Structures are given as structure tokens and as C-alpha cells.
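Participant: need a 3D model of the following:
(one chain, ligands or ions: 1)
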Amino acid sequence: MISKANLRKIVYRLKRLYPPIKTSLNYRNPFELLIATILSAQCTDARVNIVTKTLFKEYRTPEDFSSANTKKLKSIIRPTGYYHSKAKYIKEASKIIVRSFGSRVPDTMEGLLQLPGVGRKTANIILSVAYNKTEGIAVDTHVKRLSKRLGLTQSDNPDKIEEDLMTITPKALWNKIAILLILHGRNVCYARKPRCADCILNDVCPSAFSY
Ligand code: SF4
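Facilitator: Predicted coordinates:
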């Protein structure tokens, strides 16, 4: 497992390399963020933003989405891919929000995990971005890959990786570390051919130059 000194170096250097940014998804309230996040699975944020521009004109509230014509909803969200399951998740989640949460997106991990299409990763995004709350660390494919390569975890299981990251990083850094690992995964530490020679972490990374 990584030493605290090396973890500090990783966080410090990545923070300097990637200054703060907000999510690139467009939304006006927690509900729109939820819908946009569901649509962003296996799709770029840019494409989701094009789709939600039309979508959020057509449907505004959880009530609108829960009673939406499924065929029409699917045709609007089709460019984001996996539109059959995404339409199902969106409608079901909207119904639960209306029925069980007074038409308001829940602001707890427990509440969010009751919504179809919402796993811990999406729930963490909603909590941190919409409600400025931190209950965990969103583990996506980049966080998973980099955590293992950097020696932050030994596991391949997202829940265990989250647990390991939460153990070794202070709570104040939970949101930050996920964002930093995602950005470094997108820009340098690629899945297939990581750019170790250009990487500012290659002196502290146990996997440097091993791919
Ligand atoms: S040194 Fe290589 S494997 Fe390690 S984080 Fe950098 S790019 Fe990834």
C-alpha cells in the first residue's frame, strides 16, 4: 500500500496539473443533473449537453418525465446510446422521486441508491456537485485503473476501491481525488498505453514503465 508521503505528492502534483473545474454537464437543478448523469453513461458530456438542450425543454419536472411518452423520450435521448435502458431508468427514477421523495432528488446516499440507474458513482456525483455533500468517492473506470496502478488499492472491485480510497485520503479530499484521477486517466495514464515517460507521477508510481 502507498505511503502517506507518496499520496501527498500525488495529490499535490495532480492538483497543480489540473486546476479546479466544474462538471461539464449542463443542468439547472439537482433533478436535471441526475438525468444528465444517467445519460452520460457510455457517452460524452458534450453529446449529453446537445441532447439535454432539447430534452429539458420538453420535460422539466419529475412528474413530466414519469408520465412521458416512452417512444418520444427514447427518440430524444437516442444519440446518447443505450437509450432503451436509459429511458426506463429515467422514467422509473422519476416515478420514485415523485412517489417517495416529494418530487425532490434525495440528498443522501441511501435515498439516491433507491433510484434505478443510480449506482454509487452517480450518487456521489449528485451529492458532491448538486448538494456539496461528500459521502463517498465516485469510482469510475479511470479511478479504478489509476488507483490500482498507483498502489492506492490492490482490489478490482469498485466498492472495495472506494473503501480503500476513503481510508487513505482525508474526507476533505474525497471529491477532489476522484476528479484528479479521472483527469489524469483521460490525459496521461491511458488504459492501453499510459504515457509514463511524460507522467509527473512516474517517480512515485509502482507501475511506471511496466506497460
Ligand atoms: S507512471 Fe505510468 S502507470 Fe503510473 S500513473 Fe503515470 S502514466 Fe500511469
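Participant: which strands or helices does the helix or strand of the chain with the lowest mean pLDDT pack on?
Facilitator: The weakest-scoring helix or strand in the chain, judged by mean pLDDT, DSSP states H and E, is helix 120-125 (a mean of 83). With contacts taken as 3 or more CB pairs under 8 Å, 6 or more residues apart in numbering; DSSP states H and E, helix 120-125 sits against helix 30-39, helix 109-112, helix 158-168. All C-beta spots, glycine's among them, are computed from the backbone N, C-alpha and C.
Participant: please list the outside residues in contact with it.
Facilitator: 23, 33-34, 37-38, 109, 112-113, 135-140, 158-159, 162, 175, 178 (CB atoms under 8 Å, 6 or more residues apart in numbering).
Participant: the ligand is nearest to which of the helices and strands packed on helix 120-125?
Facilitator: Closest approach to the ligand among the helices and strands packed on helix 120-125 (CB to the nearest ligand atom): helix 158-168, 15.1 Å.
Participant: and the closest one, what does it pack onto?
Facilitator: Applying 3+ CB pairs under 8 Å, 6+ apart, we find helix 158-168 packed against helix 120-125, helix 141-149, helix 174-187.
Participant: may I have it as CSV, with CA atoms only?
Facilitator: C-alpha atoms of helix 158-168 as CSV (Å, rounded to 0.1, in the frame of the first residue of the first chain):
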residue,chain,number,x,y,z
PRO,A,158,-15.3,-0.7,-7.2
ASP,A,159,-16.8,-0.8,-3.7
LYS,A,160,-13.6,-2.1,-2.2
ILE,A,161,-11.6,0.5,-4.1
GLU,A,162,-13.9,3.2,-2.8
GLU,A,163,-13.4,1.9,0.7
ASP,A,164,-9.6,1.8,0.3
LEU,A,165,-9.5,5.4,-1.1
MET,A,166,-11.7,6.6,1.7
THR,A,167,-9.4,5.0,4.3
ILE,A,168,-6.2,6.6,2.9
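Participant: how far off centre is that helix?
Facilitator: Relative to the centre of its chain, helix 158-168 is centred 15 Å away, using CA atoms, centre = their mean, to the nearest Å.
Participant: alright, calling it a day.
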